[in-house]
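**Student:** How does the following fold in three dimensions:
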Amino acid sequence: MGMTDGERAVLLVTHAGKPQALSSARFVADRLIAAGLTVRVLSPEAAELRCPAVEVPPGPEAATGTEIVIVVGGDGTLLRAAELARPAGVPLLGVNLGHVGFLAEAGPDDLAWTVDRVVARRYHVERRMTIDVTLRHNGTTMAATWALNEATVEKTPRVGMLEVVTEVDGRPLSRLHCDGVICATPTGSTAYAFSAGGPVVWPEVEALLLVPICAHALFAGPMVIAPSSTLAVEVIGGSARTPVALPGLGVDTGRGRGEVTGAVLWCDGRRRVELPPGSRVEVRRGARPVLLATLNRNETDIGAGAGAPFTDRLVAKFELPVTGWRGRQAARAPGSADGGRAAQGEPAPGEDGTVASGQAAGYGAGSDEDGTVASGQAAGYGAGSDQEEASRADA
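**Tutor:** As a prediction, this is how the structure comes out:
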C-alpha cells in the first residue's frame, strides 16, 4: 500500500462497539487530518466512524507505509491492532477507554495533547519482547503463532483437571495436575500471569515466565527463565466431568469423572487452538518484537532510570500507597544541579518550562473494553483481551 513522497499516514483502530470510543476516534481522526496527515481506518469500522479517512482491509498490509498505529479502546483492541502493526514494524500508541489499560499510553482527557505529540513526532519507541509459539502432535507441526502477552495451555470447560509436563531447554521440569500453564513475556506479567500469582517484571527485563494455574503440587510457584531458553508444555490429558444425577432431584452436578480429554491453547486470549492428548506446545523468544510508542511524561525527571515510567504506571494503575517517600529530595543534595531548588522546596523544571510530575499523568483506569476479562484473570489487572467463550469471562 504505497504512499507518495513526503506523505505521512496513520492507521486508526478503535472499538466500534463503544460510542465513547467512536467519538474519541473521530476527534483523533479530525485533528490528524487538520494537521495534514492521512488517516487510514479498517473497512469494518469505517461505517461507524464516519470520518474522511482512507478505508483499508484488516490484514498484514493495513499498517504498511504508516508511521504509527493509534488505538482507541482497551487492551483487547490494542492486542488486535498489534496483529496489524507487528508485521509492518510500526509502533502502537494506545488511548485507553477501559479500566486499567496497562498497554495504553494516554487517556480520553489527553486526546488533543496526544495527537499533537504524534504530529510533532514527540514520542519514543519501546521494543516489547514477544514469544513464538509452535504446536506439535506426534512429531508433526500443527500450528505456529505468536503472542505479546502470553500463551496459555488451559483445561477445557468440561475438564476437571489437566495433566501436563513442563520442560525447559529439553529437560523435564515437573508433572502437574492443574487448570493450566501460562508462558508469558515481561509485558504479559501484568496480565493473566499476574492474576495467577506471577511476578511483575519490568518491560526492560528480558525473560520468559512460566506460571502454573491452580496446580495441585508442592512445587508449583512461578518461574523466571532466561530469554534464550525454550519452554514446552506437554498435554498428557485430563479427567472429564460426567453428569451425575442426585437421587430424587434429577439434577446433573458434573461431579463424576470420565475418560481423558484434551485442552486448549490461547495466545493473547485471541487465537485459540484445540489440543488433543499428546500435544506439545513450544514457546521461545519471538523473532519480531512489538513496538510501543511512549509519551514519557516523566522524561524530564532528573536522575530517573529507564524503569521510572513503568514504576509510576504501577503506582497509578494499582493506586499503590507511597505516602512518606522522600527519595527524590534525599537524592538531590544542595550542591547538585537542581539541589538548590530541591532544598527550597522547588521542583526542577522540565525542558519546556513545566515541572515533571512524580506520578504518570493520564494513566487512567482500564481493562478489556467490553468489560470482560480473560479466563482466570482478575478484573482490572493488566492487558486483557476479548474472549470468544463465556467460560473465559470474569473468572
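
**Student:** lowest average confidence, helix or strand, in this protein?
**Tutor:** Here the helix or strand of the chain ranked lowest by mean pLDDT, DSSP states H and E is helix 339-343, holding a mean of 40.

**Student:** Quick one: the strands in the stretch 51-200 of the chain, in order.
**Tutor:** For the stretch 51-200 of the chain, the strands defined by DSSP state E, counting those that start in this stretch occupy 54-56, 68-73, 92-96, 124-128, 131-137, 140-147, 150-155, 159-168, 171-178, 180-184.

**Student:** what residues go with each domain of this protein?
**Tutor:** Split into domains by automatic domain parsing, the chain comes to 1-128+289-297+362-395, 131-288.

**Student:** now these as a markdown table including mean neighbour count?
**Tutor:** C-beta: built from backbone N, CA, C; applies to glycine. What follows is the domains of the chain, written out as a markdown table (neighbours: other C-beta atoms under 10 Å):
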| stretch | mean neighbour count |
| --- | --- |
| domain 1-128+289-297+362-395 | 20 |
| domain 131-288 | 19 |
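
**Student:** Out of the strands of the stretch 51-200 of the chain, which is closest to L320?
**Tutor:** strand 92-96 (18.4 Å; C-beta to C-beta).

**Student:** gap between that closest one and the chain center?
**Tutor:** Distance of strand 92-96 from the chain centroid (C-alpha atoms, centre = their mean, to the nearest Å) equals 11 Å.

**Student:** And that strand, what does it pack against?
**Tutor:** strand 68-73, helix 75-88, helix 111-119, strand 290-294 (3 or more C-beta pairs under 8 Å, 6 or more residues apart in numbering; DSSP states H and E).

**Student:** quick check: angle from the last one to strand 140-147?
**Tutor:** Read that as strand 290-294. 10 degrees (axes from the mean of the first three to the mean of the last three C-alpha atoms, to 10 degrees).

**Student:** between strand 290-294 and strand 124-128, how big is the angle?
**Tutor:** Using the same axes, to 10 degrees: strand 290-294 against strand 124-128 is 150 degrees.

**Student:** likewise the third one?
**Tutor:** For the pair helix 111-119 and strand 124-128, the angle between their directions (the same axes, to 10 degrees) equals 90 degrees.

**Student:** Can you give me the end-to-end span of stretch 223-234?
**Tutor:** In stretch 223-234, first residue to last residue: 17 Å (C-alpha to C-alpha, to the nearest Å).

**Student:** so the closest residue to T134 other than its chain neighbours is in which element?
**Tutor:** Among residues not flanking T134 along the chain, E282 sits closest, at 4.6 Å (C-beta to C-beta, 6 or more residues apart in numbering). According to DSSP states H and E, E282 maps onto strand 279-285.

**Student:** Next: D312.
**Tutor:** Per DSSP H and E: helix 308-318 holds D312.

**Student:** now swap in R40 and tell me
**Tutor:** Short version, using DSSP H and E: R40 is in strand 38-42.

**Student:** Could you export that strand as CSV, CA atoms only?
**Tutor:** What follows is strand 38-42, C-alpha atoms only, in CSV (Å, rounded to 0.1, in the frame of the first residue of the first chain):
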residue,chain,number,x,y,z
THR,A,38,-3.5,10.9,6.0
VAL,A,39,-5.7,8.7,8.3
ARG,A,40,-6.5,5.1,7.5
VAL,A,41,-9.3,3.1,9.1
LEU,A,42,-10.2,-0.5,8.9
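
**Student:** Can you list the strands that that strand pairs with?
**Tutor:** Using DSSP bridges, strand 38-42 pairs in its sheet with strand 9-14 (parallel), strand 54-56 (parallel).

**Student:** Next, format the strands of the stretch 51-200 of the chain as TSV and append mean pLDDT and distance to E274.
**Tutor:** Formatted as TSV, these follow (pLDDT from 0 to 100; distance: least, C-beta to C-beta, whole Å):
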stretch	mean pLDDT	distance to E274
strand 54-56	95	32
strand 68-73	97	28
strand 92-96	95	30
strand 124-128	96	28
strand 131-137	97	10
strand 140-147	96	10
strand 150-155	96	11
strand 159-168	92	12
strand 171-178	96	18
strand 180-184	98	14
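
**Student:** which one of those strands lies closest to V315?
**Tutor:** strand 92-96 (16.3 Å).

**Student:** angle of the closest one against strand 124-128?
**Tutor:** Per the same axes, to 10 degrees, the angle that strand 92-96 makes with strand 124-128 is 100 degrees.

**Student:** Between strand 68-73 and strand 92-96, find me the angle.
**Tutor:** Going by the same axes, to 10 degrees, strand 92-96 makes 20 degrees with strand 68-73.

**Student:** ok, residues contacting strand 92-96?
**Tutor:** For strand 92-96, contacts defined as C-beta atoms under 8 Å, 6 or more residues apart in numbering pick out 24, 28, 68-75, 77-78, 81-82, 85, 101, 103-108, 110-111, 114, 118, 123, 290-293, 295, 363-366.

**Student:** quick one: it to helix 75-88, angle?
**Tutor:** Using the same axes, to 10 degrees: strand 92-96 against helix 75-88 is 170 degrees.

**Student:** For the strand holding E282, output the C-alpha coordinates as PDB.
**Tutor:** Presented in PDB, the C-alpha positions along strand 279-285 are these (Å, rounded to 0.1, in the frame of the first residue of the first chain):
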ATOM      1  CA  SER A 279       0.000 -32.300  22.100                       C
ATOM      2  CA  ARG A 280       3.200 -30.400  22.700                       C
ATOM      3  CA  VAL A 281       3.400 -26.600  22.900                       C
ATOM      4  CA  GLU A 282       6.800 -25.000  22.500                       C
ATOM      5  CA  VAL A 283       7.500 -21.300  23.400                       C
ATOM      6  CA  ARG A 284      10.600 -19.300  22.700                       C
ATOM      7  CA  ARG A 285      11.500 -15.700  22.300                       C
END
